[in-house]
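Student: Quick one, fold the following:
(one chain, ligands or ions: 1)
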Amino acid sequence: MRYITFALAKGRLAKQAMELLKERGVTCPEMEDPDTRKLIFTNEELKLKFFLAKASDVPTYVEYGAADIGIVGRDTILEERRNLYEVLDLGIGRCRMCVAGPAEAAELLKHHQRIRVATKYPVIAKDYFYNRKHQTVEIIKLNGSVELAPIVGLAEVIVDIVETGTTLKENGLQVLEEICGLSAKVVVNQVSMKMENQRIAQLIQALKRPQG
Ligand code: PRP
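Tutor: You can find the predicted model right below:
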């Protein structure tokens, strides 16, 4: 029997995702050693392999079949636009993709001004402003700490993830428009889905509900 490989997005989601997998009987004790420097973990009994990758790389590993199954946020799926099957919403990591900025920026948005939008998610931002709002904007790609942009004058607004809203609040910013809801999803490689249908279907079934 061949191994079924999981790619998990490291970062915020990883711990929650690993707990959920454990709770649902898809375990990997080897991965729980806090001192390990290993990158890939194996459960010989269940013939499963697991690895952690940068969130934005998870859809790539799954599209190419280097992982059969990926667990990653909907934000990354929307941004990366890979050919994958999205099979399950895990209901963890719930948050929202928003347009945010200082209160004054609301007027600029309302009057369809040609504003600058800083974001880690240029594809999502472009789709929202161009296709949904029919508003021409300048998208500026950043790689993190996006909230800085309106504070230091790089952009008028940002498109970013809002979870508790604390980061915005502590920096004098607020949600101006909501783009979409986000949560962790299970994605599957399109060939694996056909070749290993039974095992993958079983794993997805297990992830749907607690054991016992
Ligand atoms: C995310 C996001 C916001 C923050 C929102 O950043 O980009 O900055 O979390 O959370 P809150 O609404 O609960 O304050 P993350 O910490 O993942 O890292 P980043 O700043 O490098 O993008």
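
Student: Around the ligand, pick out the residues from the protein.
Tutor: 12, 120, 144-147, 160-167 (Cβ under 6 Å from any ligand atom). Every C-beta, even on glycine, is put in place using the N, C-alpha and C of the backbone.

Student: Where does the prediction get shaky in the chain?
Tutor: Low-confidence segments of the chain (pLDDT under 70): 210-212.

Student: The same query, at a cut-off of 50, please.
Tutor: Along the chain, no part satisfies pLDDT under 50.

Student: which residues in the chain form helices?
Tutor: 12-23, 58-63, 74-80, 105-110, 122-126, 148-152, 166-170, 190-195, 197-208 (DSSP state H).

Student: As TSV, these with mean neighbour count would be great.
Tutor: Shown next, in TSV, are the helices of the chain (neighbours: other Cβ atoms under 10 Å):
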stretch	mean neighbour count
helix 12-23	17
helix 58-63	24
helix 74-80	21
helix 105-110	15
helix 122-126	18
helix 148-152	16
helix 166-170	12
helix 190-195	14
helix 197-208	15
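
Student: re earlier: most neighbours, which of the residues of the chain next to the ligand?
Tutor: Compared across the residues of the chain next to the ligand, residue 160 has the highest neighbour count, 29 neighbours, by other Cβ atoms under 10 Å.

Student: Distance of residue 23 relative to the ligand?
Tutor: To the ligand, residue 23 is 24 Å away according to Cβ to the nearest ligand atom, to the nearest Å.

Student: right, so of the helices of the chain, which gets closest to residue 95?
Tutor: Ranking those by proximity to residue 95 (Cβ to Cβ) places helix 74-80 first, at 8.2 Å.

Student: And the contacts of the closest one?
Tutor: The contact list for helix 74-80 (Cβ atoms under 8 Å, 6 or more residues apart in numbering) reads 9, 55-56, 58-60, 84, 86, 97, 121-124, 127, 161, 180-185, 187.
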